[in-house]
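> quick one: sequence and predicted model below, then my questions.
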Amino acid sequence: QVQLKESGGGLVQAGGSLRLSCAASGSTFAMTTMGWFRQAPGKEREFVAAIKWSSGNTYFDYGRAVLGRFNVSGDSAKKTVSLQMVSLSPEDTAVYYCAADRNYFRDLTNGRNYDYWGQGTQVTVSS
């Protein structure tokens, strides 16, 4: 059974930085896509960033709210993904979820395309 484990969440002041990490276990197959979503209280789940490995190429996608501030990186064979977050603002406060899948799909922003999810890690940005 595939399990995703996030780490690195916490409390940070506005303008600060945090790095989230996620590792998948329980699968003998590499992941083709790994990403991050977040959900703030009272809001819908939001796509943050994703990385996709296909035919020797690596693709990245970012949500509009984090473009230019967040950077996603990862290793398909190691089944790990990280999210470096800088210039954080209170609007970034949310539970951040790692997501992964072994299949190929085009829309990295759609959470329904991912089969595996972590339990989430809280990120709180104080003003």
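Received it, and whenever you're ready, just let me know what you need.
> what residue lies at the spatial centre of the chain?
Centroid-nearest residue in the chain: Trp36, 1.8 Å away (criterion: C-alpha atoms, centre = their mean).
> double-check that that one belongs to a strand.
Yes - according to DSSP: H, G, I helix; E, B strand; the rest coil, Trp36 belongs to a strand.
> what residue ranges in the chain score low on pLDDT?
For the chain, no stretch is flagged by pLDDT under 70.
> now for Lys43, how many residues are close by?
Using other C-beta atoms under 10 Å, Lys43 is surrounded by 9 other residues. C-beta coordinates here come from the backbone N, C-alpha and C atoms, glycine included.
> swap that for Ala40, sorry
The number of residues near Ala40, taken as other C-beta under 10 Å, comes to 14.
> got it, and Arg106?
Using other C-beta under 10 Å, Arg106 has 8 neighbouring residues.
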